[in-house]
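1. Return a 3D structure for these sequence lines:
(one chain, ligands or ions: 1)
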Amino acid sequence: MHGYDLLVVGSANADLVVAVERRPAAGETVLGSDLATHPGGKGANQAVAAARLGAATGLLARVGDDAHGRLLLDTQRACGVDTRGVLIGAAPTGVALITVDPSGDNSIVVSPGANARLTPDDVRAAGELMAAAKVVSLQLEIPLETVAEAVTTAGRAGAKVVLNPSPPAPLPVEVLAACDLLVVNEHEARYLLRDAPAAAEGTPEAWAKALLARGPRSVVVTLGAAGALAATGDGTAVRIPSPRVRAVDTTGAGDAFTGALAWRWGAGDELTEAVRFAVRVGATAVTRPGAQQSYPTAAEVAAL
Ligand code: ATP
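-> Coordinates of the predicted model:
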């Protein structure tokens, strides 16, 4: 059996992007640029990020039996991701329909498609893949019950569980408590703490402390250009600044950060060490356009 440094269980989407002068109002039709099609989805992004850095990476996901699904599979394989866990069919590949105006504002419609058909049964059937992984990394672009099943299966198989609860959704308390590492940005932290306004209005240190009280063993808060905060159950909370870079496109920076972090932390780095590496990966990714195509190799991170 192939051993994985990291197994990502999550979404794979085709991002369909059209630049427009003005985003259309209800009932309106506008003409736009040529269509650009990019591989995306938080799960697929994380897998590519880790594989490009050199991690032995697998992806458990579902795509449609269509051209977008083939594009996503080809991209994963070209980056060295093991796609044995990618199931095909049941619905069209998930897509994000994106219009962007000259000011950079966008409107996005997501059709989850096959991502919404990744079931708890699919996860149970992939128990062998889970058992081969040091770390299993999850996000919330697949059904919550599938995430819950993956958290349980991974824990039982002895893999560490990393969760980025994005996009924010009501998370069962037992799922949060079963995480070894929770990775949140400001928006996700405040959402999870919506029932604790005093903590939600506080500092990132206060968010981390309040989230740790709900059970995850460690919490990392990403802070954009300011870097990230690493907090553990023993009360330590360390801010790790990002290298200063000229950001041109932050799309998918969070996924690059989390893929890199999950890999290094699962490989045995101290949490602060792993975050130090991940902020360098995130910082490199924002200096280039796009999501997956902006993700660096280990040599590029070292050269930053
Ligand atoms: P996104 O949704 O844009 O993918 P996010 O909101 O989940 O990202 P951020 O906190 O914005 O997460 O960014 C994740 C990481 O990427 C940061 O912790 C940092 O390491 C890096 N990063 C993001 N923006 C910048 C920037 N302008 N300069 C340097 N590093 C950045």
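2. quick one, helices of the chain?
-> Shown for the chain, the helices assigned by DSSP state H span residues 42-53, 67-78, 120-125, 127-131, 144-157, 173-177, 186-192, 197-200, 204-212, 253-266, 271-286, 298-303.
3. What residues does this protein have near the ligand?
-> 185, 222-225, 227-228, 242, 245, 247, 250, 252-255, 257, 279, 282-283, 286 (C-beta under 6 Å from any ligand atom). From N, CA and C alone the C-beta is placed, and that goes for glycine too.
4. So among those residues, which ones count as buried?
-> For the residues of the chain next to the ligand, a neighbour count by 16 or more other C-beta atoms under 10 Å gives the buried set as 185, 222-223, 227-228, 242, 252-255, 257, 279, 282-283, 286.
5. Which stretch among the helices of the chain approaches residue 90 most closely?
-> For residue 90, the closest of those is helix 120-125, at 9.5 Å, according to C-beta to C-beta.
6. Quick one: mean pLDDT for that closest one?
-> In this model, helix 120-125 has a mean pLDDT of 97.
7. mind listing what's buried in it?
-> Residues 120, 122-123 are the ones in helix 120-125 that count as buried (16+ other C-beta under 10 Å).
8. List just the nearest of those to residue 5.
-> residue 123 (19.5 Å).
9. Please name the residues that touch the closest one.
-> Contacts for residue 123 (C-beta atoms under 8 Å, 6 or more residues apart in numbering) come out as 9, 60, 130, 146, 149-150, 153.
10. Which pair of the residues you listed spans the longest distance?
-> Among the contacts of residue 123, 130 and 146 lie farthest apart (C-beta to C-beta), at 12.8 Å.
11. which of the contacts of residue 123 has the most neighbours?
-> residue 9 (32 neighbours; other C-beta atoms under 10 Å).
12. So that residue sits against residue 138, correct?
-> Yes - with contacts counted by C-beta atoms under 8 Å, residue 9 reaches residue 138, the gap being 5.3 Å.
13. Pull up the overlap in contacts between the two.
-> What both residue 9 and residue 138 touch, as defined by C-beta under 8 Å, 6+ apart, is the set 147, 150.
14. How about the contacts made by the closest residue to residue 82 other than its chain neighbours?
-> Excluding its sequence neighbours, the residue lying closest to residue 82 (C-beta to C-beta, 6 or more residues apart in numbering) is residue 58, at 4.3 Å. Neighbouring residues of residue 58 by C-beta under 8 Å, 6+ apart: 2, 4, 6-8, 47, 81-85, 129, 132-133.
15. change it to 7 Å
-> 4, 7, 81-82, 84-85, 129, 133 (C-beta atoms under 7 Å, 6 or more residues apart in numbering).
16. same question, residue 16
-> If you count contacts by C-beta under 7 Å, 6+ apart, residue 16 has them with 35, 37, 95-98.
17. Now for those, which sits with the most neighbours around it?
-> That'd be residue 95 among these, by other C-beta under 10 Å, with 21 neighbours.
18. Might one say that that one is in contact with residue 112?
-> No - using C-beta atoms under 7 Å as the test, residue 95 is too far from residue 112 to be in contact (9.0 Å).
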